[in-house]
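**Student:** Build me a model from this:
(2 chains)
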2 protein chains.
Amino acid sequence: MELDPKTDLTFTRHIKAPRAVLWDCWTTPKHLMAFFVPKPHSVSDCEIDLRPGGRFNTTFKVDGAEIRNEGVFLEVVQDRRLVFTDAYTEGWKPAVEPFMTAIIEFEDHPEGGTLYTATARHRIPEARQSHEEMGFYDGWSIVAGQLEEYAQALQANA
Amino acid sequence: MELDPKTDLTFTRHIKAPRAVLWDCWTTPKHLMAFFVPKPHSVSDCEIDLRPGGRFNTTFKVDGAEIRNEGVFLEVVQDRRLVFTDAYTEGWKPAVEPFMTAIIEFEDHPEGGTLYTATARHRIPEARQSHEEMGFYDGWSIVAGQLEEYAQALQANA
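**Tutor:** This next block holds a predicted model:
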C-alpha cells in the first residue's frame, strides 16, 4: 500500500503477543472495550458484525459525556488485516462528512510477537492535520500499550 | 436495506436471463464493456479485481472524449450482490469528493429470469438530484436492456 504523507497518518509498534490473539482482541466486543480508548476514558458499548459492510459501532465515555461512533468494516482478512471507516453506516449508507478510514495490519515480527501497524487515511490534508492535532500518535501509542497488556493477560489466562 | 428517498435512487427490472449469467456479465471486463454504457457511447478500458477493496476502473468514450472512472468494490457476493463506489481507489485511498455507491442485486424472479435492482446511494440530497438529472432512470433502463440482450446472446452461444 502506497501511503500519501499529505493525507495519511501511520503508527507502527512491536507488540509482544501473537497475531491471532491481537485479532481476537480487535474483533470481539468484550475484548475491544478493554483497550480501545486511552484510560480513564472507556467504551460503554460496542457492536461488531465482522464482514465487509457489517456494522462497527462504539460508544465512548469521555469525561462524563457519551460519544457515539458509527461505521462499517470494509475488509476483514483474519489475523492479518482489518479495515473500517466512518464513511458508511450499515447498508452502505454514505456518511455526509466521512472523516477517516483505518487500516490495522498484523504481521509476524522476526523477533517474535507482532509487527502492528495502524494507518488512518483521510480525504483531505485538513482532516489529517486535525487528526494529528487531536493526538493521533499519543492516542494510538497508549492504545497499543493497553492492547499489549490486555492480550498478554488474555493469553496467560487461556 | 432501508432506502432513504432523499439521497437514494433505485431502479428495478425483470431481466430474462439467469442470475449467474448476469453476474458473469457484470464481473468480466470483456462482457461488462459490451453493455455498461448506453450506445453509441462505449467502454474502451475496464479493470476488475473482484474483492472488497479491489479496483474497478473504467474508461468511457463519450462523443470522442475519454472519461476515466476509478473506484473499488466494497462487497462481492457471487450471483447475488455487487457493491462498488468512487469513494475509494485501490489501497483504500479516500476520494476527495465521493459521488455515489452502487448496489447491484440479483434475485430469482418468480416467473423465471432475474429480478435486477440497481441502487445508487449518495452522501447528500444535491448529489442524488444531480444524478437524477444526469439521466439515472433512462441510463440504467437502457443499460439493463443492453445487459439483457448481451446475456441472452452469451447464453445462446455457451
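
**Student:** Quick one: name the residues of chain A near chain B.
**Tutor:** A:1-2, A:4, A:7, A:52-53, A:74-75, A:83, A:87-88, A:91-96, A:98, A:100-101, A:103, A:121-124 (Cβ under 8 Å from any Cβ of the partner chain). Backbone N, C-alpha and C define where each C-beta goes, glycine included.

**Student:** Narrow those residues to just the buried residues.
**Tutor:** A:7, A:52-53, A:74-75, A:83, A:87-88, A:91-95, A:98, A:100-101, A:103, A:121-123 (16 or more other Cβ atoms under 10 Å in any protein chain shown).

**Student:** So which of those belong to strands?
**Tutor:** A:L74, A:E75, A:V83, A:Y88, A:K93, A:P94, A:T101, A:I103, A:R121 (DSSP state E).

**Student:** can you tell me the average pLDDT over the longest helix along chain A?
**Tutor:** Selection of the longest helix in chain A by residue count, based on DSSP state H, yields helix A:136-156. Regarding helix A:136-156, the rounded mean pLDDT is 96.

**Student:** so what secondary structure elements neighbour it?
**Tutor:** Counting contacts by 3 or more Cβ pairs under 8 Å, 6 or more residues apart in numbering or on different chains; DSSP states H and E, helix A:136-156 packs against strand A:8-15, helix A:19-27, helix A:29-35, strand A:114-121.

**Student:** which element follows the third one toward the C-terminus?
**Tutor:** Right, helix A:29-35. strand A:42-48 (DSSP states H and E).

**Student:** which residues make contact with the helix or strand that that following strand is followed by from outside it?
**Tutor:** Using DSSP H and E, the next helix or strand after strand A:42-48 towards the C-terminus is strand A:56-62. Residues outside strand A:56-62 that contact it (Cβ atoms under 8 Å, 6 or more residues apart in numbering or on different chains) are A:32, A:36-37, A:41-49, A:66-73, A:84.

**Student:** Could I have the ChimeraX command that selects the buried members from the residues you listed?
**Tutor:** Of those, the buried ones go into a single ChimeraX selection, burial set by 16+ other Cβ under 10 Å:
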select /A:32,36,37,43,46,48,70,71,72,73,84
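
**Student:** which residues does A:C46 bridge with?
**Tutor:** Using DSSP bridges, the beta-bridge partners of A:C46 come out as A:T58.

**Student:** typo on my end, A:I67
**Tutor:** What pairs with A:I67, by the bridge criterion (DSSP bridges), is A:F60.

**Student:** Chain B versus that one, what's the distance?
**Tutor:** 22 Å (Cβ to the nearest Cβ, to the nearest Å).

**Student:** How about A:P125?
**Tutor:** 10 Å.

**Student:** wait, isn't that residue in contact with A:D8?
**Tutor:** No. Judged on Cβ atoms under 8 Å, A:P125 makes no contact with A:D8 at a distance of 10.1 Å.

**Student:** higher neighbour count, those two?
**Tutor:** Neighbour count, other Cβ atoms under 10 Å in any protein chain shown: between A:P125 and A:D8, A:D8 has more, with 21 against 12.

**Student:** returning to that earlier point: could you dump the helices and strands packed on helix A:136-156 into JSON lines and include mean pLDDT?
**Tutor:** JSON lines is the format used below for those (pLDDT from 0 to 100):
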{"stretch": "strand A:8-15", "mean pLDDT": "98"}
{"stretch": "helix A:19-27", "mean pLDDT": "98"}
{"stretch": "helix A:29-35", "mean pLDDT": "98"}
{"stretch": "strand A:114-121", "mean pLDDT": "98"}
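
**Student:** could these be laid out in TSV, adding distance to B:R13?
**Tutor:** As requested, the helices and strands packed on helix A:136-156 are exported to TSV (distance: least, Cβ to Cβ, whole Å):
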stretch	distance to B:R13
strand A:8-15	41
helix A:19-27	39
helix A:29-35	41
strand A:114-121	36
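
**Student:** Return the distance of the longest helix of chain A from the chain's centre.
**Tutor:** The chain centre lies 11 Å from the centre of helix A:136-156; the measure is Cα atoms, centre = their mean, to the nearest Å.

**Student:** try stretch A:42-51
**Tutor:** Its chain's C-alpha centre lies 11 Å from the corresponding centre of stretch A:42-51 when counted by Cα atoms, centre = their mean.

**Student:** what's it in contact with?
**Tutor:** A:27-29, A:32-33, A:36-37, A:54-61, A:66, A:73, A:76, A:90.

**Student:** hmm, 6 Å instead?
**Tutor:** With contacts defined as Cβ atoms under 6 Å, 6 or more residues apart in numbering or on different chains, stretch A:42-51 is touched by A:27, A:29, A:32-33, A:36-37, A:55-61, A:76.

**Student:** name the element A:S130 belongs to?
**Tutor:** helix A:125-133.

**Student:** just checking, A:E90 touches A:R55?
**Tutor:** Yes. Counting by Cβ atoms under 6 Å, A:R55 is a contact partner of A:E90 at 4.5 Å.

**Student:** intersection of neighbour lists for the two?
**Tutor:** Overlap of the contact sets of A:E90 and A:R55 (by Cβ under 6 Å, 6+ apart) is empty.
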